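Peer 1: Requesting a structural model of the entry that follows:
(chains A, B, C, D and E)
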Amino acid sequence: MLLNNKISLGFFVKNILHQALYIFLFANLIVLLKLFSAWPLVIPIAIAAILGTCIALLLAFRTNQAYDRWWEARIAWGAIVNDSRSLIRQLQMFLPDESKKELLHAFVERQCGFCFMLGDTLRGQDTAGRSKAFLSDADNVAVDKAANKPNAVLQQHSMAIRRLYDARELTDFQMVQLSINLNSLTDSMGRCERIKNTVFPRTYTFNMQVFIYLFAAILPFSLDPVHYFLDVPLVTLLASAFILIEKSAIQLQDPFENKPTDTPVTSIARTIEIDLKTMTDYPEIPDRHVSQTYYAL
Amino acid sequence: MLLNNKISLGFFVKNILHQALYIFLFANLIVLLKLFSAWPLVIPIAIAAILGTCIALLLAFRTNQAYDRWWEARIAWGAIVNDSRSLIRQLQMFLPDESKKELLHAFVERQCGFCFMLGDTLRGQDTAGRSKAFLSDADNVAVDKAANKPNAVLQQHSMAIRRLYDARELTDFQMVQLSINLNSLTDSMGRCERIKNTVFPRTYTFNMQVFIYLFAAILPFSLDPVHYFLDVPLVTLLASAFILIEKSAIQLQDPFENKPTDTPVTSIARTIEIDLKTMTDYPEIPDRHVSQTYYAL
Amino acid sequence: MLLNNKISLGFFVKNILHQALYIFLFANLIVLLKLFSAWPLVIPIAIAAILGTCIALLLAFRTNQAYDRWWEARIAWGAIVNDSRSLIRQLQMFLPDESKKELLHAFVERQCGFCFMLGDTLRGQDTAGRSKAFLSDADNVAVDKAANKPNAVLQQHSMAIRRLYDARELTDFQMVQLSINLNSLTDSMGRCERIKNTVFPRTYTFNMQVFIYLFAAILPFSLDPVHYFLDVPLVTLLASAFILIEKSAIQLQDPFENKPTDTPVTSIARTIEIDLKTMTDYPEIPDRHVSQTYYAL
Amino acid sequence: MLLNNKISLGFFVKNILHQALYIFLFANLIVLLKLFSAWPLVIPIAIAAILGTCIALLLAFRTNQAYDRWWEARIAWGAIVNDSRSLIRQLQMFLPDESKKELLHAFVERQCGFCFMLGDTLRGQDTAGRSKAFLSDADNVAVDKAANKPNAVLQQHSMAIRRLYDARELTDFQMVQLSINLNSLTDSMGRCERIKNTVFPRTYTFNMQVFIYLFAAILPFSLDPVHYFLDVPLVTLLASAFILIEKSAIQLQDPFENKPTDTPVTSIARTIEIDLKTMTDYPEIPDRHVSQTYYAL
Amino acid sequence: MLLNNKISLGFFVKNILHQALYIFLFANLIVLLKLFSAWPLVIPIAIAAILGTCIALLLAFRTNQAYDRWWEARIAWGAIVNDSRSLIRQLQMFLPDESKKELLHAFVERQCGFCFMLGDTLRGQDTAGRSKAFLSDADNVAVDKAANKPNAVLQQHSMAIRRLYDARELTDFQMVQLSINLNSLTDSMGRCERIKNTVFPRTYTFNMQVFIYLFAAILPFSLDPVHYFLDVPLVTLLASAFILIEKSAIQLQDPFENKPTDTPVTSIARTIEIDLKTMTDYPEIPDRHVSQTYYAL
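Peer 2: So this is what the prediction gives:
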């Protein structure tokens, strides 16, 4: 999760250092070539300007699409928050008997388990610890066998709801309504998986780089070689600025990769845990996740 | 809430004064350097133009994304208005007996409490006063314990609906329909929380500023130092105009921060209160919220 | 409503005459200053080009956002058409007895009243006439007391549906389904109210104007004063063209203000009336609303 | 419907011939004026570039909005395909008795009639033929009286469903579910009507043309009159290219006008007919609509 | 499916080789014409810049629309994943009896068959093999007769659900809920068919090419013929870069054509198969689809 603290300049520089160096060396080469070449190697600067406009436009759209993916991942997790609250509130409404509190707690813990395990799965982390911490032994046996752990947890939800229906604690209509809630959680889970598993079209990234390097290659020919001490850093700065934006977009577009710009799945799951446990009168409510660094995961 | 009155120029100037000053001083420095330097420090103006196009594009998208967040917050509150009216109308439809008016009034007040408390929570303000003003004593006890107050209010709604079901005032189908209404309110609440809690990617703001300062640094090299009395204010004006747009976007993108550009949560909550109380024949209807300044919160 | 007839050029000219005049006088002033000033007041035209690009971009997005508001208002009214038809069709399906035709007619008239009164309310017009023309006396008494007339009409719908349920003309499930239909109408009504009540961020309009006037101020410095007879009209034309687009956007963004670009609420309400009355075999069907001017309201 | 065959260049040329001719003559006039005028009529080409950028941007958004309308019309018809299949499948599921096949066939034919008649109505064509071909005599009597034919067909659907309910062939819940399906068809129908009846803001088209003609008027002043044999065709080509894009947008934005770029309503309706008749074991299935020209309607 | 491996440069070059060659030859022609012509054939480079901006903008929007189509196809398949899981989970919830496992397996296999066959149909491949592998003999007879195979599979689902209802294994409400699930699958299927069957407006592609070739034709006139050894490759490179983006967009916009950029329908269908079979305790779970090349279909 991005926090509002200052991000050190170093974080950015580190990201684009390699490319900036290449461009710097290349620009020097061109300048030397122009200084010592017999031919007048001049390209009108308007050509570089056309390329610059093109890059700016493609970058703007690129940035927009990366942002949309990032925002969609956040929306999916917002929906998980909402549906978790709604699921538990509806269960509480349909099973109001105080003696059923234990039953409700089983659902709360399974739902928390679902959220944490979905987050871990999306980040490619092991879910065994979460599974033990939140699920009952019976659930654990079933979930362990499944390839898709969070989906298996939802299945355990549905089995538990069915048992309540068989015990006549829920009416037909209430059971179906709860199953619709589970569908909604399935949708959000699938949405995250889709974002995780769909690689942003590489051709776009490739085209972007073709344009940026073409720009870096043409620009030195358009500048007056007398000012080479000004030109070389200028070319490097400009091209680096373009690459910086491209890199920022790449960071945003994959929001489940254990990076600072990730959707804060763990901290959202914690919020859900706190909310659900408060709603069902748990004696102990966990603390809110506090991050010391400039971002929270 | 933004009103249609004129906004004083001062409001804007105050916002960008610092940056404008830095840029002014920096531009003077460059001009002096150019006037008294031995080297011909000239950068073709086309470079500045490329940067300008880039900034314009990024700003346009930036502005668009900020507007989308602001508009989404407004849509979420519009949905709260709709769902509040629908919830009370459906309750009234399902419980038409005149002797049940008191019952209905309890729901109306709890719903008004929900709206005001959600607004206060989003703005980071204390909800104790609202809680006392709108909720019954029993509700207050339950809500006080919760970390997420508005969610606790919705839970009290659901408990009250369940009590009506137990008393056979509502059929199974009606209860489930009302619980779907509560889900809808949960969704809008979660949507606001998402906007509130998700920091707009700082990298975007950072990249934006890299480009604007690069532009402000390069532009003076492209201007003829003979006209320095014209150049320095020109550079300052142009860069300030860019910063002005960036600042406007930043103001819009966080719509729950007690600023003039906020979503007018208090005044929308008041509208809801008036509507719901009129619908259920309250003897006293509060006045519409009138704002004296150029904006309403 | 916009019709496809030609719009007179005068309509546009009238709109931007004031600003065009100011810019014309200002441009003359600058030209005179340049002609008789001792200093060489020259700004490279690339600066004006950067500003021009910026204005073009902001205008394009501005135009887009205004269009989106206008189109959303049209979508909301399209939804009202659909929901009106669906409400009456479902009622007809659930109450097929021929002897119930009068009952159905009461719903049709109330629904027409809702549509016309919502249109009038959005435009800030008095609804008393419509209310008398379409609603029964009992309904009129209830609606008169309410601040939000269209909402009160929907409430009368819900009361009438409840009476049918009490008389065992509707099953539980049918009543709930009809109440969901009313929710849908509430949503569309709320959507229109949101567009009506949310002022488009004034900062955007302000920033826009800062850029346009900056452009108009800088451009004369970039032109050769020898051609002043060509320059002054040129500056005026260009800046006026920008202002023209800005004005067009402002006109579109508020679609309920009794302007030519309004959503044609009255004529849509008439269409609904015709459709509903045909569906329920009214003896007299009103004529389609025909407009003589180049637009219909 | 657009097919993937080559479109003849002539189709495009025909579209913009008039305007191209006006611009050609105008450019010649300006060139002559410049050649024989005493005054140095020169406008810096940067002004034309600013205008060009502006036009490019407005055209890009214009094109985008036209595309969105066209795509939305296609989405609405896609939804009609889906809902037609779902309606018949659900009916088949709720009425599985083989002896009820005739009943089902009546629904299939009415639904095909709805699709063809909606397409014809949107294109402003007579629906009498379709009505006779697909609807029963009783339905025809009812539909003939209605102003909105497709809506009347849906009403006949609802009446038939009610008769099944009265005959205890459908449960309460099943009837309501089918009525929800009809609502969905009503929504798609209303969506198409909205696109058909809402004229794209003429101010946008007007502004667009103001800019293009301003561009065509200014450009000749920026070119060197010595190359007039190169300039005049250049100006004509550029302005024509802009007009070409504008025209393409205009063609797309109105997708129900019997043009090559139309939504292929007839051919989609035929697909629906084939699907529904296959689903219900019709002895004769019509052939797929094959178009010989480069587009299908 | 795009994978994150490197794509060979050759893949791109092959795509644009033809056009690049034409442009190269044409540029040579113009340069020769300029070198040996008596007339001064010079076009100011600003004209090329205007065209360049135009192309950049149209390409950016073009790219965006192609991306939206591609992303929508992926969303539709994501929805198929979600709805497949929900359908089986709900069936399992409504039919919990262990002895009914076989029944459930029939649904699982039919659903896998639906996914694979939809993928094959969209790609224009034969579905006979899949049909035999997944469907029962009775289903195969029914599906073989249908023109639209996947739709016929859904119909078999609905028939099987009806049989369960007739056998009193499902309540009325549960059956209707399952039929809503099938509607949802119908919608996703229809969405894919819409993308497959709707040709992207050819006029857009045509206009794009008009601009790119106009640019390639004008640019050589703007360059100084002395540097022809630099100019010709420059023109070729620039125009090729534009064509490269156009080609990338064309590849993305049609996501069901057996190309590297396709939606990975087979591999998604395999994921669904694994998930559903794990959920219903199949003894053998198939392996995840592993692709050796840089993309998976």
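Peer 1: where's the closest residue to A:N207 other than its chain neighbours, which helix or strand?
Peer 2: Nearest residue to A:N207, sequence neighbours excluded (CB to CB, 6 or more residues apart in numbering or on different chains): E:I245, at 5.3 Å. Yep, even glycine has a C-beta here, placed from its N, CA and C like the rest. Secondary structure assignment for E:I245, by DSSP states H and E: helix E:228-253.
Peer 1: elements contacting that helix?
Peer 2: On a contact count with 3 or more CB pairs under 8 Å, 6 or more residues apart in numbering or on different chains; DSSP states H and E, helix E:228-253 meets helix A:45-94, helix A:202-222, helix E:9-36, helix E:45-94, helix E:202-222.
Peer 1: mean confidence score for it?
Peer 2: Confidence for helix E:228-253, expressed as mean pLDDT, is 84.
Peer 1: Check stretch A:96-109 too.
Peer 2: Per-residue pLDDT values over stretch A:96-109 give a mean of 84.
Peer 1: Does that stretch reach chain E?
Peer 2: No: applying CB under 8 Å from any CB of the partner chain, one finds stretch A:96-109 separated from chain E by no less than 14.5 Å.
Peer 1: And that stretch, what's buried?
Peer 2: A:103-104, A:106-109 (16 or more other CB atoms under 10 Å in any protein chain shown).
Peer 1: Contacts for it next, please.
Peer 2: A:87-88, A:91-92, A:95, A:134-136, A:157, A:160, A:164, A:169, A:276-277, A:279-282, B:159, B:162, B:166 (CB atoms under 8 Å, 6 or more residues apart in numbering or on different chains).
Peer 1: Restricted to helices, list these.
Peer 2: Judged by DSSP state H, the subset of the contacts of stretch A:96-109 located in helices is A:87-88, A:91-92, A:134, A:157, A:160, A:164, A:276-277, A:279, B:159, B:162, B:166.
Peer 1: Among the residues you listed, which one lies nearest to chain D?
Peer 2: A:L164 (22.0 Å; CB to the nearest CB).
Peer 1: any idea how far A:A128 lies from A:N15?
Peer 2: Using CB to CB, to the nearest Å, A:A128 is found at 34 Å from A:N15.
Peer 1: A:T261 too?
Peer 2: Taking CB to CB, one finds A:T261 at 12 Å from A:N15.
Peer 1: These two: which has the busier surroundings?
Peer 2: Neighbour totals were compared for A:T261 and A:N15, and A:T261 leads with 20 against 17 (other CB atoms under 10 Å in any protein chain shown).
Peer 1: Pretty sure A:Q251 is one of the things that one touches, is it not?
Peer 2: Yes: contact between A:T261 and A:Q251 holds when scored by CB atoms under 8 Å: they sit 4.8 Å apart.
Peer 1: Of the buried residues of stretch A:96-109, which belong to helices?
Peer 2: The helices, defined by DSSP H, take in A:103-104, A:106-109 from these.
Peer 1: Among those residues, which one sits closest to chain D?
Peer 2: Set against chain D, the nearest of those by CB to the nearest CB is A:F107 (27.4 Å).
Peer 1: Flag whichever of the helices and strands packed on helix E:228-253 has the least confidence on average.
Peer 2: helix E:9-36 - the lowest mean pLDDT of the helices and strands packed on helix E:228-253, at a mean of 80.
Peer 1: Show me what counts as buried in that helix.
Peer 2: Quick answer for helix E:9-36 (16+ other CB under 10 Å): E:12, E:15-16, E:19-20, E:23-24, E:26-28, E:30-31, E:34.
Peer 1: Which one of these is nearest to chain A?
Peer 2: Nearest to chain A among these, with distances taken as CB to the nearest CB, is E:F12, at 6.8 Å.
Peer 1: How about the contacts made by the closest residue to A:N181 other than its chain neighbours?
Peer 2: Excluding the flanking residues, the one nearest A:N181 by CB to CB, 6+ apart is A:L87, at 4.8 Å. With contact taken as CB under 8 Å, 6+ apart, A:L87 is in contact with A:107, A:111, A:178, A:181-182, A:185.
Peer 1: Okay, and which of the residues you listed map to helices?
Peer 2: The members of the contacts of A:L87 that map onto helices under DSSP H are A:107, A:111, A:178, A:181-182, A:185.
Peer 1: just to revisit the earlier point, what do A:T261 and A:Q251 both touch?
Peer 2: B:T203.
Peer 1: out of everything not next to it in sequence, what's closest to A:G52?
Peer 2: Of all residues not flanking A:G52 in the chain, B:I50 sits nearest, at 3.5 Å (CB to CB, 6+ apart).
Peer 1: what's the neighbour count on the residue nearest to A:F26 when sequence neighbours are not counted?
Peer 2: Using CB to CB, 6+ apart and skipping residues adjacent in sequence, the residue nearest A:F26 is A:A216, 6.5 Å away. For A:A216, the neighbour count with other CB under 10 Å is 25.
Peer 1: Next one: A:A216 from A:T205, what distance?
Peer 2: From A:A216 to A:T205 the distance is 16 Å (CB to CB).
Peer 1: Can you tell me the centre-most residue of chain A?
Peer 2: For chain A, the residue nearest the mean C-alpha position is A:P255 (1.3 Å; CA atoms, centre = their mean).
Peer 1: I figured that one was touching A:D262, is that so?
Peer 2: Yes: with contact defined as CB under 8 Å, A:P255 counts as touching A:D262 (5.5 Å).
Peer 1: picking that back up, mind listing what the residue nearest to A:N207 touches?
Peer 2: For E:I245, the contact set (CB under 8 Å, 6+ apart) comprises A:58, A:207, E:59, E:62-63.
Peer 1: about what we covered before: roughly how far out does the helix holding E:I245 sit from the chain middle?
Peer 2: How far helix E:228-253 lies from its chain's middle: 24 Å, per CA atoms, centre = their mean, to the nearest Å.
Peer 1: Compute the inter-axis angle for it and helix E:9-36.
Peer 2: Orientation of helix E:228-253 against helix E:9-36 (axes from the mean of the first three to the mean of the last three CA atoms, to 10 degrees) gives an angle of 140 degrees.
Peer 1: got the angle for helix E:228-253 vs helix E:202-222?
Peer 2: Using the same axes, to 10 degrees: helix E:228-253 against helix E:202-222 is 170 degrees.
Peer 1: List the buried residues for helix E:228-253?
Peer 2: Buried residues in helix E:228-253, counted by 16+ other CB under 10 Å: E:228, E:230-232, E:234-253.
Peer 1: re the thing from before, the residue nearest to A:F26 reaches A:V235, doesn't it?
Peer 2: Yes: using CB under 8 Å, A:A216 makes contact with A:V235 at a distance of 6.2 Å.
Peer 1: Quick check: neighbours shared by these two?
Peer 2: By CB under 8 Å, 6+ apart, A:A216 and A:V235 have these common neighbours: A:23, A:27.
Peer 1: What sits closest to A:I195 if chain neighbours are left out?
Peer 2: In space, A:I195 is closest to A:A73, 5.2 Å off (CB to CB, 6+ apart).
Peer 1: Which residues are in contact with the one you found?
Peer 2: Residues near A:A73 by CB under 8 Å, 6+ apart: A:192, A:195, A:255-256, A:263.
Peer 1: what about A:L164, distance to A:L185?
Peer 2: Taking CB to CB as the measure, A:L164 and A:L185 are separated by 18 Å.
Peer 1: Over to A:V141?
Peer 2: 22 Å.
Peer 1: more crowded one of the two?
Peer 2: Higher neighbour count among A:V141 and A:L185: A:L185, with 26 against 10, using other CB under 10 Å.
Peer 1: For the residue nearest to A:N181, give its distance to C:V176.
Peer 2: Per CB to CB, A:L87 is found 21 Å from C:V176.
Peer 1: in a strand, that's where the residue nearest to the centre of chain A is, yeah?
Peer 2: No: looking at A:P255 with DSSP: H, G, I helix; E, B strand; the rest coil, it is coil, so not inside a strand.
Peer 1: quick one: contacts for it?
Peer 2: By CB under 8 Å, 6+ apart, A:P255 lies in contact with A:69-70, A:73-74, A:195, A:261-263.
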